[in-house]
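Undergrad: Predicted coordinates and the sequence they were generated for:
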Amino acid sequence: MLITRTFSLTNFLIGSSALGFQVFVLYPWHKKLEDEFGELKKEHARLLEETREKHKDELRGIREHLQALKEEKGKGTGGRFW
């Protein structure tokens, strides 16, 4: 009977300690990580949009340059170099 009671008390102490650790240590840490992850996702989305805009501007510049080259080629002598 004494051994059974000791095991029960030991299990209760271990379970209570684990629950206290989860509630007072792991949960606040998890909330902090979740908030920081949300900020990181917002920053990533902003950088992705910024990069997309830069690529659009670069492609627009390339397209304009190619159009200018086509116009110069059309004004030349038959469009050939030789």
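TA: Here it is on my side, so go on.

Undergrad: Going by C-alpha atoms from here, please, whenever you check contacts or count neighbours.
TA: Noted.

Undergrad: longest helix of this protein?
TA: Using DSSP state H, we find that the single longest helix of the chain is helix 27-75.

Undergrad: Next, the angle from the helix or strand encompassing Arg5 to helix 27-75.
TA: Using DSSP states H and E, Arg5 sits within helix 2-21. Angle of helix 2-21 versus helix 27-75, following axes from the mean of the first three to the mean of the last three C-alpha atoms, to 10 degrees, is 40 degrees.

Undergrad: Output the below-cut-off pLDDT ranges for this structure.
TA: The model of the chain has pLDDT under 70 over residues 76-82.

Undergrad: and if we set it to 90?
TA: Within the chain, the stretches with pLDDT under 90 are 1-7, 72-82.

Undergrad: Number of residues surrounding Pro28?
TA: If you count neighbours by other C-alpha atoms under 10 Å, Pro28 ends up with 12.

Undergrad: so what secondary structure elements neighbour the helix holding Arg5?
TA: Using 3 or more C-alpha pairs under 8 Å, 6 or more residues apart in numbering; DSSP states H and E, no helix or strand is in contact with helix 2-21.
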